[in-house]
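Asks: have a look at this prediction, sequence included:
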Amino acid sequence: MTDGSRDDLAARRGMSRKVYEPAEDSGLLASAIEKRGHGRLLEVGTGSGWVAERAAATDGVTEVVASDRSPHACRAAQDRTGADGGPAFAVVRADLVAAFTHDAFDTVAFNPPYLPTDPENEWDDWMERALSGGESGRELIEPFLESVPRVLRPDGIVLLLVSSLAGYDAVLDYATDRGFDIDDGAVVEESYPFETLSVVALRPSNAP
Ligand SMILES: C[S@@+](CC[C@H](N)C(=O)[O-])C[C@H]1O[C@@H](n2cnc3c(N)ncnc32)[C@H](O)[C@@H]1O
């Protein structure tokens, strides 16, 4: 039975392992990619590679690059690519989008670590880095929004998973303050007893 606490959520999302297991948020991001993903797609923070694999099988997505900071995640994603006759995708170890060149992607998708975490309770391992969004829940989301426009093609789109735990309005306000336009409403959204998950579509406002 779930009690909605952070530890409960972490346990359900595979905290006992080194690599984030696909969960509700992973499924929502994959659904948003099926609706809005196109062209050359980067999945930041791929974890197991499950979302990247679904993206690579999506009509209109021509090529997928999956990246993660964690070597364990990169290994898991690499094991998945092309396995059992499934679609192939590239795997790159990278911190957010730092490793990628300008104007490289039509779509960038990210299910970030977003659980608000008391600094006293940080546990400092790869699973913590997969789950924790720092005190605000937005400590990875904000640098991602700062850096992602550089790697987007002029008509590119960002698909960002936003949890109410990280503050939906705070994330969208940050994005608009950094020059993103936000499509009306969420591409996909699901509510659970302890959080609402949305995927929002963002475009740099100088896009054509
Ligand atoms: C919530 S998990 C999402 C995993 C997968 N995309 C999914 O939806 O199932 C967040 C992922 O982001 C990765 N991550 C954390 N910090 C990162 C960073 N600075 N750069 C790239 N990936 C990072 C974590 O290792 C983890 O795999």
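Replies: Looks like it arrived, so ask away. Remember, predicted model here, so these are calculated numbers, not experimental data.

Asks: please report phi then psi for the closest residue to His38 other than its chain neighbours.
Replies: Leaving aside its sequence neighbours, His38 sits nearest to Gly60 (CB to CB, 6 or more residues apart in numbering; 4.6 Å). Every residue, glycine included, has its C-beta placed from N, CA and C. Backbone torsions of Gly60, given as degrees, to the nearest 10, read phi 90, psi -20.

Asks: worst-scoring helix or strand of this structure, pLDDT-wise?
Replies: helix 6-12 (a mean of 54; mean pLDDT, DSSP states H and E).

Asks: right, and the helix or strand after it?
Replies: Moving toward the C-terminus from helix 6-12, the next helix or strand (DSSP states H and E) is helix 24-36.

Asks: buried ones in that next one?
Replies: Using 16 or more other CB atoms under 10 Å as the test for burial, helix 24-36 gives Asp25, Ser26, Gly27, Leu28, Leu29, Ala30, Ser31, Ala32, Ile33, Glu34, Arg36.

Asks: quick one: the first one and Leu161 touch, right?
Replies: Put plainly, it is Asp25. Yes - using CB atoms under 8 Å, Asp25 is in contact with Leu161, at 5.4 Å.

Asks: per-residue pLDDT, Asp118?
Replies: Note for Asp118: predicted pLDDT of 86.

Asks: do I have it right that it meets Ser136?
Replies: No - using CB under 8 Å, Asp118 makes no contact with Ser136, being 11.4 Å away.

Asks: which residues touch the residue nearest to His38?
Replies: For Gly60, the contacting residues are Gly37, His38, Gly39, by CB atoms under 8 Å, 6 or more residues apart in numbering.

Asks: list buried residues within the residues you listed.
Replies: Applying 16+ other CB under 10 Å to the contacts of Gly60 flags Gly37, His38 as buried.

Asks: from the contacts of Gly60, which is closest to the ligand?
Replies: Proximity of the contacts of Gly60 to the ligand (CB to the nearest ligand atom) peaks at Gly37, which lies at 13.7 Å.

Asks: following the chain onward from the longest strand along the chain, which element is next?
Replies: Ranked by number of residues, the top strand in the chain under DSSP state E is strand 152-163. For strand 152-163, the succeeding helix or strand toward the C-terminus, using DSSP H and E, is helix 168-177.
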